[in-house]
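>>> need the 3D shape of this:
(2 chains)
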Amino acid sequence: QVQLQESGPGLVKPSQTLSLTCTVSGGSISSGGYYWSWIRQHPGKGLEWIGYIYNSGSTDYSPSLKSRVSISVDTSKNQFSLKLSSVTAADTAVYYCARVYVWGSYRPVHWFDPWGQGTLVTVSS
Amino acid sequence: DVQMTQSPSSLSASVGDRVTITCRASQSISRFLNWYQQKPGKAPKLLIYAASSLQSGVPSRFSGSGSGTDFTLTISRLQPEDFATYYCQQSFSAPLYTFGQGTKLEIK
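Reported below is the predicted structural model:
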């Protein structure tokens, strides 16, 4: 079955850019019908959607992060990546990648499954 | 944004109990509602999609119901492995997905 795995630095300095990669195994990221998403969870808090990308490269982002976020896809490597610029301590969180399953045609239902295991990114000097 | 509010925020129960968690949306979201289970240090796991459809492999003691603004997740007979935090998530306003704040289910 499809599995996702995040990778990237666990420590980023304030004002720098956070960069993470999600590697998809057990299936092709080029398969239609799915979006590929990033979600974060601040320590001890709830879940926040960051954005997603389709295999064509089209993206959508959370309005609250849109000015600082970029998600890209590399279908040859079966990976998609997150960049978050100008980070502050408020961006310290566990970052998850997840597949967005789209079900139905007229008004499809979306859900996140599966998820990567998550990676903690700490913003500190 | 569609705001999702779960109640209670935390809940104590015993093995074998029947437990219900509620999720309320700030506007009608039809049945665009999913439920996840998260254990400490782990990623969330999908339990229920489209309000009441059980994800493959999830035990049948989990069930979901509701439509519009009010939804419930019910665990019919709590097992030790069910103690976790549960989140609801709406996709009515996709891609502006939002989650509830979570309900922590603890052992009494």
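
>>> given whatever helix or strand residue B:11 lives in, what are its sheet partners and their directions?
Under the criterion of DSSP states H and E, residue B:11 resides in strand B:10-13. Each strand paired with strand B:10-13, and its direction, by DSSP bridges: strand B:103-107 (parallel).

>>> how far away is the residue nearest the centre of chain B from chain A?
Chain B has residue B:35 as the residue nearest its centroid, 3.8 Å off, counting by Cα atoms, centre = their mean. For residue B:35, the distance to chain A equals 9 Å [Cβ to the nearest Cβ, to the nearest Å]. Bear in mind the C-beta positions are built from the backbone N, C-alpha and C, glycine included.

>>> assumed that residue was part of a strand.
Yes: counting by DSSP: H, G, I helix; E, B strand; the rest coil, residue B:35 is part of a strand.

>>> what's around the nearest residue to it once chain neighbours are set aside, how many residues?
Of all residues not flanking residue B:35 in the chain, residue B:48 sits nearest, at 4.1 Å (Cβ to Cβ, 6 or more residues apart in numbering or on different chains). If you count neighbours by other Cβ atoms under 10 Å in any protein chain shown, residue B:48 ends up with 25.

>>> and for the one 3 residues further on?
Burial of residue B:51, expressed as a neighbour count using other Cβ under 10 Å, amounts to 23.

>>> the closest residue in space to residue A:41 that isn't next to it in sequence sits in which helix or strand?
Of all residues not flanking residue A:41 in the chain, residue A:94 sits nearest, at 4.8 Å (Cβ to Cβ, 6+ apart). Under DSSP H and E, the secondary-structure element containing residue A:94 is strand A:93-103.

>>> listing partners with orientation, what would you give for that strand?
When DSSP bridges is applied, strand A:93-103 pairs with strand A:34-41 (antiparallel), strand A:109-115 (antiparallel), strand A:119-123 (antiparallel).

>>> list the contacts for the residue nearest to the centre of chain B?
The contact partners of residue B:35, taken as Cβ atoms under 8 Å, 6 or more residues apart in numbering or on different chains, are B:23, B:46-48, B:62, B:64, B:73, B:86-89.

>>> for residue A:29, what are its contacts?
A:36, A:55, A:73, A:75, A:78-80.

>>> ditto for residue B:26
Contacts for residue B:26 (Cβ under 8 Å, 6+ apart) come out as B:1-5, B:69.

>>> now do the SS call for the residue of chain A positioned farthest from its centre.
Farthest-out residue of chain A from its mean C-alpha position, per Cα atoms, centre = their mean: residue A:106, at 26.0 Å. With three-state DSSP as the basis, residue A:106 sits in coil.

>>> residues touching it, list them.
Applying Cβ under 8 Å, 6+ apart to residue A:106 gives no contacts.

>>> what does chain B put close to chain A?
Contact residues, chain B versus chain A (Cβ under 8 Å from any Cβ of the partner chain): B:30-32, B:34, B:36, B:42-46, B:49-50, B:55, B:87, B:89, B:91, B:94-102.
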